[in-house]
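1. sequence unknown, structure follows:
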């Protein structure tokens, strides 16, 4: 859940303060303001005394070439994230269908696969595609070496997201369809799934944040994403601290924007975001 | 490479890697919970600057990619004369990220408490601190068990970041790349690590579910 929709409860926690309490709150507000200012001051001082505020570390950000180069990397990040997201959606959808099928065997297998992908770090999958797959003679470009593992890792979570969405569709809908003589496949694809999409879209978007984060290890397979291009900038300008901080801030802003979009969509459609945290762990 | 060869050569390292991963996860999770609680208190307290700091903290660390943060701790902070050893860097990274998500879990736990309960507590004459201690935090903790279980699994998976810095002994993910750079290990070393992760995640899930069943608030 986001910070924004919790404001009401936050404010309910304390009644409107009387004059005495107001004075106390004002006192502690002032103290904490000073503390925060001192904290920021100390951080800036640390940058200053170690010489990291020197213009030569920061003037590269005034050149358009820097931003064009970072932008190219960012395009790479977008490409990889979207492809990984697509893989995760398709595979997650198939896994969900298998998990919800009436065949015990198929359902069991899909359950194991889903839990496997949810229980294994994406980095391990990346190393699998980077180190293990080539030894079996499969040639892959760095693009697929990063998109496939990231997509696989997300597919387990998405399968559960889809399942949550399917279960959120009122039972009467599928019952009505069955009584009209539709087959199970048709009911799933034509009646339940189209309605489930409405519930899952915010969750899909918020899962994109996880995908974007996972793609930042693209340097392992030397795919030119934003972080990889940042490393090139660092060797070119010999400005490590400033570049890493700026790139981190860029990632934070992008992910914040995606999260914000997901939350506002969820609020508008009256659904809640299903993520890894809100599902059953086993 | 057969399984017996692999185990005779790297068996000890697997045990060490598994223990290392468990240890890092445990330490990170414990400190993350503590920090999450503190941040959450910041976020609900009536002092505006603390609220802003708490919100900002959560937004920064839930949106920053783990690798990006780790790289800053490992490679950028030494330029600022702050040097930590590699393992500590990994643990701090996991703590910072996990505490942001933990605080979000606590916040949504607090949000499930009805406003009526707060009003009732206040009408009994409880102050802010007492109300937080006796009414809000116990319930927030209880309804946060399942999300926190998932967070524990996420912490376990995030410790794989340790493979990006030289750790000795390496953790489970680093060990796979270590073995593969020395021998053609094939699929087996990978499968063993993966099963260790998935098995640990499964056990965490079972424990979390059991705790949740005990303390869940039935409304």
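-> Perfect, thanks for sending it. All values derive from a computational prediction rather than experimental measurement.

2. going forward, measure contacts and count neighbours with C-alpha atoms only.
-> Will do.

3. what is the subsequent helix or strand relative to the host helix or strand of residue A:151?
-> Using DSSP states H and E, residue A:151 falls within helix A:142-168. On the C-terminal side of helix A:142-168, the closest following helix or strand by DSSP H and E is helix A:171-179.

4. state the distance from residue A:196 to residue A:115.
-> 22 Å (Cα to Cα, to the nearest Å).

5. revised request: answer the last question for residue A:203.
-> Distance from residue A:203 to residue A:115, by Cα to Cα: 19 Å.

6. what of residue B:181?
-> Taken as Cα to Cα, the span from residue B:181 to residue A:115 is 29 Å.

7. more neighbours: those two, which one.
-> Shown here are residue B:181 and residue A:115; by other Cα atoms under 10 Å in any protein chain shown, residue A:115 has more neighbours (20 against 11).

8. show me which residues of the stretch 101-250 of chain A sit near chain B.
-> By Cα under 8 Å from any Cα of the partner chain, the part of the stretch 101-250 of chain A that sits against chain B consists of A:115-116, A:118-124, A:127-128, A:131-132, A:135-136, A:209, A:212-214, A:216-217, A:227, A:240-241, A:244-245, A:248-249.

9. wait, what's in contact with the most centrally placed residue in chain B?
-> Centroid-nearest residue in chain B, with Cα atoms, centre = their mean: residue B:155, separated by 3.5 Å. For residue B:155, the contact set (Cα atoms under 8 Å, 6 or more residues apart in numbering or on different chains) comprises B:25, B:28, B:29, B:94, B:98.

10. same question, residue A:219
-> So residue A:219 contacts A:225, A:227, A:228 (Cα under 8 Å, 6+ apart).

11. walking through chain B, point out its helices one by one.
-> Here chain B has its helices, by DSSP state H, at B:3-44, B:48-63, B:66-71, B:86-111, B:115-123, B:128-131, B:137-143, B:145-158, B:172-182, B:187-215.

12. in TSV: those helices, plus mean pLDDT and distance to residue A:48.
-> TSV is the format used below for these (pLDDT from 0 to 100; distance: least, Cα to Cα, whole Å):
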stretch	mean pLDDT	distance to residue A:48
helix B:3-44	91	28
helix B:48-63	94	23
helix B:66-71	95	21
helix B:86-111	93	23
helix B:115-123	87	47
helix B:128-131	83	40
helix B:137-143	85	41
helix B:145-158	93	33
helix B:172-182	87	36
helix B:187-215	92	43
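
13. and these: which comes nearest residue A:266?
-> helix B:86-111 (15.5 Å; Cα to Cα).

14. same for the closest one, what does it pack against?
-> helix B:3-44, helix B:48-63, helix B:66-71, helix B:137-143, helix B:145-158 (3 or more Cα pairs under 8 Å, 6 or more residues apart in numbering or on different chains; DSSP states H and E).

15. nearest to residue A:172, out of those helices?
-> helix B:145-158 (29.5 Å).

16. so which bits of stretch B:4-16 are buried?
-> B:13, B:14, B:16 (16 or more other Cα atoms under 10 Å in any protein chain shown).

17. doesn't residue A:45 make contact with residue B:80?
-> No. The criterion here is Cα atoms under 8 Å, and residue B:80 misses it with residue A:45 at 10.0 Å.

18. so where is chain A shaky, pLDDT-wise?
-> When residues are selected by pLDDT under 70, those of chain A lie in A:1-11, A:15, A:275-282.

19. spatially central residue in it, please.
-> residue A:209 (1.8 Å).

20. so which helix or strand takes in it?
-> Going by DSSP H and E, residue A:209 is part of helix A:193-215.

21. skip ahead from that helix and say which helix or strand is next.
-> helix A:226-237.

22. just want the angle from that next one to helix A:193-215.
-> 20 degrees (axes from the mean of the first three to the mean of the last three Cα atoms, to 10 degrees).

23. next helix or strand past helix A:226-237?
-> That would be, after helix A:226-237 and using DSSP H and E, helix A:240-269.

24. tell me the contacts of residue B:201?
-> A:119, B:153, B:156.

25. kindly reformat those as CSV containing neighbour count and distance to residue B:49.
-> Formatted as CSV, those follow (neighbours: other Cα atoms under 10 Å in any protein chain shown; distance: Cα to Cα, whole Å):
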residue, neighbour count, distance to residue B:49
A:119, 27, 38
B:153, 28, 33
B:156, 27, 33
